[in-house]
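# Make a model of this:
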Amino acid sequence: MPRIKKDGNPVETKVRKPRTTDPDARIALVDEQIHRLEKLNESRRELIAQTEKKLNERKEALNKSEIALQNAREKRERIVAFKERSAMTKEERAARRTAEKAKIAELLDVMKTTGISMDDLIERLTVGKSATEEDA
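Residues are numbered from 1 along each chain as shown. Predicted coordinates:
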């Protein structure tokens with residue numbers, strides 16, 4: 001007798017398939033299952049390959065976007081620096097030049113006291129620069 005739900009309707013019961021004992025039928029069922037699973041696994045491999053391809057494309061796009069972002073930030077910094085330079089008054093520019101001239105005069109005085117010529121200084125700076133480039 002079927003069970004009755006709370007609302008009074010009978011519950012539908014599922015009928016199980018009878019289990020076959022015939023070895024040939026069981027082999028056929030397993031072969032069918034193997035074929036189905038091989039097909040499923042192949043479709044999953046294809047899906048994974050497509051997903052990896054999309055992932056690599058998105059990584060490349062992200063790298064390009066990050067480079068473009070960095071370039072845009074550098075461009076902004078250059079524009080801001082130019083704006084600040086052009087926004088300086090004549091007095092500020094004159095003070096800046098005076099400070100730079102004072103630094104140059106101090107450098108020349110130090111060079112005279114130590115006996116270093118301009119060529120020696122340039123040679124030392126370029127040798128130091130090339131040594132740091134080789135280290136990198």
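# moving C-terminal of the longest helix along the chain, what's the next helix or strand?
Secondary structure of the chain read by DSSP state H shows that its longest helix is helix 23-86. Downstream of helix 23-86, the next assigned helix or strand under DSSP states H and E is helix 90-114.
# Return the residues in contact with the spatially most central residue of the chain.
Closest to where the C-alpha atoms of the chain average out (CA atoms, centre = their mean) is Asn63, at 5.2 Å. Asn63 makes contact with no residue under the criterion CB atoms under 8 Å, 6 or more residues apart in numbering. C-beta coordinates here come from the backbone N, C-alpha and C atoms, glycine included.
# what's around Ile116, how many residues?
Neighbour count for Ile116, taken as other CB atoms under 10 Å: 13.
# Let me know whether my guess that it is in a strand holds.
No. If the criterion is DSSP: H, G, I helix; E, B strand; the rest coil, then Ile116 is coil and not within a strand.
# Now do the residue nearest to the centre of the chain against Arg78, distance only.
23 Å (CB to CB, to the nearest Å).
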